[in-house]
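Student: Just need the structure, nothing else, for what follows:
(one chain, ligands or ions: 2)
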Amino acid sequence: MTSLAILGVGKVGGETAFLSAVLGLADEIVVYDVYEPLLQAQVLDLQHTGIDVTISTDTAAMREADIFVFAAGTPRTPEIKTRADLLEANVPVVKRCSEFLRGFDGVVITITNPMDANNYGLWKMMGVDRQRCIGFGGQLDSARLATYLNEAGVSGPAWVIGEHGEHQVPLFSRTGVNVGVEEREAILSRMRGASMEVIRGKGGTVFGPAYHITMLIRAILEDRRELLPCSCVLDGEYGFSGCSLGVPARIGREGVIGIEEWDLDPWEEAKMAEAGAFVQDLCRRLDG
Ligand SMILES: NC(=O)C1=CN([C@@H]2O[C@H](COP(=O)(O)OP(=O)(O)OC[C@H]3O[C@@H](n4cnc5c(N)ncnc54)[C@H](O)[C@@H]3O)[C@@H](O)[C@H]2O)C=CC1
Ligand SMILES: O=C([O-])CC(=O)C(=O)O
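Tutor: Ligands and ions are numbered 1, 2, ... in the order given. Here you go, the predicted structure:
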């Protein structure tokens, strides 16, 4: 039996539960949210689809799940400028989440922002092998980059590593097309504002995250060994440790089964150095 646990069934967690049910990814979906009326409504709404999947709210069963999605906590509003600004609000939720995960031996996917720091914090609190903690965001950033590259007439692969935040690192060198610095900075600036356009219009990003989260869940459950941009706890890769940062990661049944270290061009290297230093600082604040 395949079981998927989701902590926090607001906009992103709720849509992820729905899409996972539609795609038949799990036999059982265990959901929990601190806001009881929302939890009950989400359970009923999922049950009313009539999809052949067991929906449970048994928090003890979350520990037995194959995958645990951490999507609980405070999201951004237009007044909250950066994802990093959510650190203080969501630290207590990360702590609470680690309590749910005592004894858990599956794979954790961190969604809650600031995602990179929270993935690192959760890994530290859980005291498990780093391969089992995957931070989600790079797939979404890469999909956003792809739309901007298409508009610019660049059709090569779109990869974004670095922080899931202001310090994203789009890998223009992977496109095989020479993109000048001015154009790079213009695209990066649009990428930084991409989610806020959605948040302003509909209160939060939903379809994009939920779609790519379910693709990540599928890659794990089906042991696809797919290379995806994910935030991983680093131990010297790209010159960093003491943080979780977006890198090209091979994803399979055990979580992160490998990290690829790609050659970066000087512009990308400088951006990656900024990203690493920024996230390391956030992670130190979690340590303290
Ligand atoms: N990594 C990524 O690419 C993305 C990350 N996010 C982040 O995901 C998080 C959730 O976003 P939304 O779903 O839009 O927010 P939301 O407000 O719709 O849902 C969050 C849910 O968490 C629940 N919650 C809060 N504390 C809890 C606790 N201790 N235990 C259980 N449930 C708790 C709330 O009751 C709420 O239902 C935010 O931090 C947001 O910034 C959102 C989109 C993409
Ligand atoms: O920007 C936000 O606050 C939500 C998020 O992480 C995204 O959609 O990429």
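Student: and the nearest residue to L86 once chain neighbours are set aside, how many neighbours does it have?
Tutor: Leaving aside its sequence neighbours, L86 sits nearest to N113 (CB to CB, 6 or more residues apart in numbering; 4.8 Å). C-beta here means a position set from N, CA and C on the backbone, and glycine is covered the same way. If you count neighbours by other CB atoms under 10 Å, N113 ends up with 25.
Student: Quick check: the gap between N113 and K95.
Tutor: 16 Å (CB to CB, to the nearest Å).
Student: secondary structure class for the residue in the stretch 51-200 of the chain that ligand 2 sits nearest to?
Tutor: With CB to the nearest ligand atom, the shortest gap between the stretch 51-200 of the chain and ligand 2 falls at S195, namely 3.2 Å. Look at S195: counting by DSSP: H, G, I helix; E, B strand; the rest coil, its state is helix.
Student: and it, how many neighbours?
Tutor: Neighbours of S195 (other CB under 10 Å): 22.
Student: Helices of the protein, residue ranges please.
Tutor: 11-22, 36-47, 59-62, 87-100, 115-126, 138-151, 181-202, 207-221, 266-287 (DSSP state H).
Student: between those helices, which one is nearest to F70?
Tutor: F70 lies closest to helix 87-100 among the helices of the chain, at 5.2 Å (CB to CB).
Student: thinking again about what came up before, shouldn't the residue of the stretch 51-200 of the chain closest to ligand 2 be in contact with T205?
Tutor: Yes: in this structure, S195 is within contact of T205 by CB atoms under 8 Å, at 5.0 Å.
Student: And the closest residue to L264 other than its chain neighbours, how far from G137?
Tutor: In space, and not counting its chain neighbours, L264 is closest to M272: 6.0 Å by CB to CB, 6+ apart. The gap separating M272 from G137 is 15 Å, by CB to CB.
Student: quick one: which of these two has more around it?
Tutor: Using other CB under 10 Å as the criterion, M272 and G137 rank with G137 on top: 28 against 23.
Student: returning to what we had before: show me the contacts for the residue nearest to L264.
Tutor: 161-162, 169, 238, 264 (CB atoms under 8 Å, 6 or more residues apart in numbering).
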